[in-house]
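Engineer: the sequence isn't on hand, but the structure is:
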């Protein structure tokens, strides 16, 4: 399935390497995968468009910020 996905990095990741996540989408544009751009050979997480939307909303609202997770005792 990974071969049939079109993978893109976030514009904010720039071209300097670093910690980058790629999102794979189907030909119809539905999000179907998330992977580490530095190690694409390690595979990807398969997600539904609905789950990705929930995850993305959480990222935008800071739910996964390291300081917030540390304060909550999750890290």
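Structural biologist: Noted; the coordinates are in hand. Every value quoted in this text rests on a predicted model; they were computed, and no experiment measured them.
Engineer: only C-alpha atoms for contact and neighbour calcs from this point on.
Structural biologist: Noted.
Engineer: can you map out the strands along the protein?
Structural biologist: 6-9, 21-25, 31-36, 45-46 (DSSP state E).
Engineer: format those as CSV; extra columns: distance to residue 64 and mean neighbour count.
Structural biologist: Converted to CSV, those look like this (distance: least, Cα to Cα, whole Å; neighbours: other Cα atoms under 10 Å):
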stretch, distance to residue 64, mean neighbour count
strand 6-9, 19, 16
strand 21-25, 14, 20
strand 31-36, 16, 21
strand 45-46, 17, 14
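Engineer: distance between stretch 32-51 and the chain's centre?
Structural biologist: Centroid displacement of stretch 32-51 relative to its chain, using Cα atoms, centre = their mean, to the nearest Å, is 7 Å.
Engineer: quick one: end-to-end distance for that stretch.
Structural biologist: Using Cα to Cα, to the nearest Å, the end-to-end distance of stretch 32-51 comes to 10 Å.
Engineer: repeat for stretch 37-51
Structural biologist: 20 Å.
Engineer: then stretch 58-75?
Structural biologist: Start and end residues of stretch 58-75 are separated by 17 Å (Cα to Cα).
Engineer: what do you get for stretch 38-50?
Structural biologist: With Cα to Cα as the measure, what separates the two termini of stretch 38-50 is 26 Å.
Engineer: of the strands of the chain, which approaches residue 52 most closely?
Structural biologist: strand 31-36 (7.1 Å; Cα to Cα).
Engineer: got the contact list for the closest one?
Structural biologist: For strand 31-36, contacts defined as Cα atoms under 8 Å, 6 or more residues apart in numbering pick out 2, 5, 19-26, 43-49, 52.
Engineer: run the last query once more with 7 Å
Structural biologist: For strand 31-36, contacts defined as Cα atoms under 7 Å, 6 or more residues apart in numbering pick out 20-26, 43-49.
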